[in-house]
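In: Based on what follows, work out the 3D shape:
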Amino acid sequence: MKVSTKGRYALRVMIDLALHNTGEFISLKEIAHRQNITIKYLEQIIGMLQKAGYVLSLRGQQGGYRLAKAPEETVVGDILRLAEGSLSPLDCLEQDSCAAIPHCPTRPFWAGLYQVITRYVDQFTIADLAEEDRQRMELDYSI
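Out: Modelled structure (predicted):
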């Protein structure tokens, strides 16, 4: 499994919105600047997050984006699955289309890896990652 730029940036956007969550809407320009992501690419990511109900938007002078729910309620695995489609290391683990499945000596290994990946990404929320980043930043400033 390899997480694409889209998946990594989707997490970064969600963490950015959590870290700067004052209840106000945050402009795309601010997010793009802080995360060093082009506005054009950010529009695609934020559109995907908005369509899935993770982000709210407001048009106009005071418009922008904010989280649709508390960061504690958003699981990292859900954002990655939204962006990536699947976290499975092999297609045959989610689709029973391979004729070798009944006789495949490696399928249990890959299924176990998939379970480990799923458990890991589903044990963290956006709040967890935001807090970790907040602590890291405090440490950087104290040195």
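
In: drop to CA atoms for contacts and neighbour counts, all remaining ones
Out: Noted.

In: Give me the contacts around the worst-scoring helix or strand of the chain on mean pLDDT.
Out: One helix or strand of the chain scores below all others by mean pLDDT, DSSP states H and E: helix 126-142, with a mean of 86. Helix 126-142 has contacts (CA atoms under 8 Å, 6 or more residues apart in numbering) with 11, 14-16, 18-19, 71-76.

In: How about stretch 2-15?
Out: 31, 35, 37, 45-46, 49, 67, 76, 79-80, 83-84, 126-127, 129-130.

In: repeat for stretch 47-58
Out: With CA under 8 Å, 6+ apart as the test, stretch 47-58 has contacts from 10, 25, 46, 63-69, 74, 82-83.

In: low-scoring stretches of the chain, by residue?
Out: Applying pLDDT under 70 to the chain flags the ranges 96-97, 140-143.

In: those strands in this protein, which residues are they?
Out: 55-58, 64-67 (DSSP state E).

In: of those strands, which approaches residue 95 most closely?
Out: strand 55-58 (30.4 Å; CA to CA).

In: quick one: strands adjacent to the closest one?
Out: Using DSSP bridges, the strands paired with strand 55-58 are strand 64-67 (antiparallel).

In: Any idea how far the strand it pairs with is from the middle of the chain?
Out: Using CA atoms, centre = their mean, to the nearest Å, the mean C-alpha position of strand 64-67 is found 15 Å from that of the whole chain.

In: For residue 83, which residues are in contact?
Out: Contacts for residue 83 (CA under 8 Å, 6+ apart) come out as 6-7, 10, 48.

In: now residue 81
Out: residue 87.

In: Show me which residues of stretch 130-138 are buried.
Out: With burial defined by 16 or more other CA atoms under 10 Å, the residues of stretch 130-138 counted as buried are residue 130.

In: okay, that stretch in CSV with CA atoms only?
Out: Output of stretch 130-138 as CSV, limited to C-alpha atoms (Å, rounded to 0.1, in the frame of the first residue of the first chain):
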residue,chain,number,x,y,z
ALA,A,130,-3.6,17.8,15.4
GLU,A,131,-2.6,17.5,19.0
GLU,A,132,0.6,15.6,18.0
ASP,A,133,1.4,18.4,15.6
ARG,A,134,0.6,21.1,18.2
GLN,A,135,2.9,19.5,20.7
ARG,A,136,5.7,19.1,18.1
MET,A,137,5.3,22.8,17.2
GLU,A,138,5.6,23.8,20.9
